[in-house]
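In: Fold the following, please.
(one chain, ligands or ions: 1)
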Amino acid sequence: MSEFEPNETGGKQNPPTGEELWREEFPVASAEQGFVERRQFGRFLVLTSGAMVAGQLWLLGKNWLSEVETTEYPRKAVALTSEIPVGGTKVFQYPGPSDNCLLVHVEPSKFVAYSQKCTHLACAVIYAPEKKRLECPCHEGYFSIDDGHVTQGPPPRPLPRIELEVEGGQIFAYGISVFGKET
Ligand code: FES
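Out: Here you go, the predicted model:
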């Protein structure tokens, strides 16, 4: 008997509603339906999270591998090697009078210097000798003392490195290297 023919009691069956037709096409019981939706949602979350992580890693790798750009500025004496003990620091200005930089005596014969301005929101970074890293106290952004790259926190770019040379017991700055291009 067709659904549209009279039934045993002589009455006519109503034509199927949109909801009934939909259920006929996709026969999922309502208890299972919730489970299917949760499962699909879980899968969606896993896929989108994975895509976001992959995107972040790609950006990090891109910055990390991008070329170093060095700009030379007039040479300037910034300190005597004897005035900073190992683990000590000195703030100096380079290349302009308002460009604060941090000179660090990392090891007996190793001096490095970076712009003191955090690449996140421009707080002044400080040196943590026990961890051998530069730290931004504002939002716990950390930078490698070896090349200034970001090791933790929100800073989007490495610290610009001040190029140094030592001559006759004096330390001279002569340029600035920037790692990675702004994206
Ligand atoms: S200003 Fe340095 S981490 Fe935010």
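In: Quick check: end-to-end length of stretch 131-139?
Out: End-to-end span of stretch 131-139 (C-alpha to C-alpha, to the nearest Å): 17 Å.
In: my guess is Y142 contacts G153, does it?
Out: Yes - Y142 lies in contact with G153 (C-beta atoms under 8 Å); the separation is 5.9 Å. C-betas here are computed from N, CA, C, even on glycine.
In: remind me, longest strand of the protein?
Out: strand 68-80 (DSSP state E).
In: And that one, what does it pack against?
Out: strand 89-93, strand 100-107, strand 161-167, strand 170-179 (3 or more C-beta pairs under 8 Å, 6 or more residues apart in numbering; DSSP states H and E).
In: So which of Y142 and G153 has more stuff around it?
Out: Taking other C-beta atoms under 10 Å, Y142 and G153 do not tie; Y142 has more neighbours (18 against 15).
In: What sits closest to the more buried one if chain neighbours are left out?
Out: Leaving out its chain neighbours, the residue that sits closest to Y142 by C-beta to C-beta, 6 or more residues apart in numbering is Q152, at 4.2 Å.
In: Next, count neighbours for the one you found.
Out: By other C-beta under 10 Å, the residues close to Q152 number 12.
In: before we move on, what about E69?
Out: E69 has 12 neighbouring residues, counting by other C-beta under 10 Å.
In: Do I have it right that it meets S177?
Out: Yes - when contacts are counted by C-beta under 8 Å, E69 is listed as touching S177 (6.8 Å).
In: Contact residues of the protein facing the ligand?
Out: Selection of the chain residues close to the ligand by C-beta under 6 Å from any ligand atom yields 118, 120-121, 123, 136, 138-139, 141, 153-155.
In: Throw together a PyMOL command that grabs the buried residues out of the residues you listed.
Out: Buried members of these, defined by 16 or more other C-beta atoms under 10 Å, are picked up in PyMOL with:
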select buried, resi 118+120+136+138+141+155
